[in-house]
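A.B. asks: generate coordinates for the sequence data below:
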Amino acid sequence: MGIFDRFKHQARDKAKAKDMSDATERRINEKTGGKYEDQVDAAQQRAEGTLGMDRDRDRPDQQ
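C.D. replies: Next up is the predicted model:
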């Protein structure tokens, strides 16, 4: 396994972690009826930032 293979795996793992984070956010919002949507979104952003998963929050799938 070369050095570029490691980067490919890291990118794939980061994408999977983002998908899991989004799925968790959706599920929490469903369970709470969206009552805490702002707090859940803020917590998700902090967690992703801490883990180095910062992203542009203006993406259409985040609305």
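
A.B. asks: where are the low-confidence patches of this structure?
C.D. replies: 1-3, 7, 54-63 (pLDDT under 70).

A.B. asks: would you map the helices across it?
C.D. replies: Counting by DSSP state H, the chain has helices at residues 3-31, 37-50.

A.B. asks: those helices into JSON lines, with extra columns for mean neighbour count?
C.D. replies: No exception for glycine: its C-beta is placed from N, CA and C like everyone else's. Below are these laid out as JSON lines (neighbours: other Cβ atoms under 10 Å):
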{"stretch": "helix 3-31", "mean neighbour count": "12"}
{"stretch": "helix 37-50", "mean neighbour count": "13"}
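
A.B. asks: just to check, E48 is in contact with M20?
C.D. replies: No. Contact criterion Cβ atoms under 8 Å: E48 and M20 do not qualify, at 10.8 Å.

A.B. asks: gap between the two ends of stretch 25-43?
C.D. replies: 9 Å (Cα to Cα, to the nearest Å).

A.B. asks: list the contacts of that stretch.
C.D. replies: Q44 (Cβ atoms under 8 Å, 6 or more residues apart in numbering).

A.B. asks: how far away from the center of its chain is it?
C.D. replies: 13 Å (Cα atoms, centre = their mean, to the nearest Å).

A.B. asks: same question, stretch 9-28
C.D. replies: The answer for stretch 9-28 is 5 Å, by Cα atoms, centre = their mean.
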